[in-house]
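Undergrad: Sharing a model prediction with you, sequence too.
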Amino acid sequence: AQKITQTQPGMFVQEKEAVTLDCTYDTSDPSYGLFWYKQPSSGEMIFLIYQGSYDQQNATEGRYSLNFQKARKSANLVISASQLGDSAMYFCAMREAQTGANNLFFGTGTRLTVIP
Amino acid sequence: DGGITQSPKYLFRKEGQNVTLSCEQNLNHDAMYWYRQDPGQGLRLIYYSQIVNDFQKGDIAEGYSVSREKKESFPLTVTSAQKNPTAFYLCASSIQPSGRAGEQFFGPGTRLTVL
């Protein structure tokens, strides 16, 4: 079974609007972390936001927020007030504490296009 | 400036040749990682190292080898045994995991093409 599932291969959003990128995960480990990364066309991976499984509140980082629904095992990324520079690939990733290492499992990504 | 460097940015290899991808970090991170990314796909873990002189296989280690003789360096060798090596390779590093502190920092990547 896939540990991270991103069901939206591509998304479009109008500039200045908000957009939600979906991510569901599968783990039996009670202690885990969820990450979102942005990958522009240049290729580097840019960290956006982190949510721990025991965090009581949804994570926020500027225009990025994470809609964490633990019972549904979903960790959707919300980008508010989209900008043209937000056009990129977005990856959801998970780290499980039981592995004892900091390995990340990545989803297949969502390509976001911001329309002027 | 602290960061991760990878070289070369583009690499071309003939079939049957071994090639080595460089990864250097000056972030004083203990852990380093190598990922492979194929078009339209997420990242898959090749090898990782949590400490100098120690490394572990990831999900797709066959046909690859690594070394970790220095904390700052984690080179990846793509051997001739790797049947389909054309891909984008990303190196990352992190401190030992603890909440967000386990965030991995990535290099700019190396695009390897087999001719």
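TA: Noted; the coordinates are in hand.
Undergrad: burial measure for B:Gly107, as a count.
TA: Using other Cβ atoms under 10 Å in any protein chain shown, the number of residues around B:Gly107 comes to 25. Any C-beta I mention is one placed from the backbone N, CA and C, and that applies to glycine too.
Undergrad: Isn't it up against B:Leu76?
TA: No: in this structure, B:Gly107 is not within contact of B:Leu76 by Cβ atoms under 8 Å, at 11.3 Å.
Undergrad: So for those two, which residues contact both of them?
TA: Shared contacts of B:Gly107 and B:Leu76, defined by Cβ atoms under 8 Å, 6 or more residues apart in numbering or on different chains, are found at B:23, B:91.
Undergrad: what residues does chain A put near chain B?
TA: Within chain A, the positions near chain B by Cβ under 8 Å from any Cβ of the partner chain are A:4, A:9, A:33, A:35, A:37, A:42-47, A:50, A:52, A:91, A:93, A:95, A:97, A:101-104, A:106-109.
Undergrad: what does the strand or helix carrying A:Thr20 contact?
TA: When secondary structure is defined by DSSP states H and E, A:Thr20 falls within strand A:19-21. Among residues not part of strand A:19-21, those counted as contacts by Cβ under 8 Å, 6+ apart are A:6, A:8, A:11, A:13, A:36, A:67, A:76-79, A:82, A:90, A:92, A:110, A:112.
Undergrad: Likewise for stretch A:50-66?
TA: The contact list for stretch A:50-66, computed with Cβ under 8 Å, 6+ apart, reads A:30-36, A:48-49, A:67-68, A:70, A:75-81, B:99-100, B:103.
Undergrad: and it, how far apart are its ends?
TA: Between the opening and closing residues of stretch A:50-66 lies a distance of 8 Å (Cα to Cα, to the nearest Å).
Undergrad: Please state the offset of that stretch from the chain centre?
TA: In terms of Cα atoms, centre = their mean, to the nearest Å, the centre of stretch A:50-66 is found 10 Å from the chain centre.
Undergrad: Looking at strand pairing, list the partners for the most centrally placed residue in chain B.
TA: Within chain B, one residue has its C-alpha closest to the average C-alpha position: by Cα atoms, centre = their mean, that is B:Trp34, at 2.7 Å. With beta bridges defined as DSSP bridges, B:Trp34 has these partners: B:Tyr47, B:Cys91.
Undergrad: That one reaches B:Tyr48, doesn't it?
TA: Yes: counting by Cβ under 8 Å, a contact exists between B:Trp34 and B:Tyr48, whose distance comes to 7.3 Å.
Undergrad: Could you name every residue contacting both of those two?
TA: Overlap between the neighbourhoods of B:Trp34 and B:Tyr48 consists of B:Gly58, taking contacts as Cβ under 8 Å, 6+ apart.
Undergrad: for chain B, what spans make up the strands?
TA: Read by DSSP state E, chain B holds these strands, from start to end of the chain: B:4-7, B:10-13, B:19-25, B:31-37, B:43-51, B:54-57, B:64-66, B:76-78, B:87-94, B:105-106, B:110-114.
Undergrad: which residue sits closest to residue 40, ignoring its sequence neighbours?
TA: With no chain named, the answer covers chain A. Nearest residue to A:Pro40 in three dimensions, chain neighbours excluded: A:Ala88, at 4.6 Å (Cβ to Cβ, 6 or more residues apart in numbering or on different chains).
Undergrad: um, chain B though
TA: Excluding the flanking residues, the one nearest B:Gly40 by Cβ to Cβ, 6+ apart is A:Thr108, at 7.2 Å.
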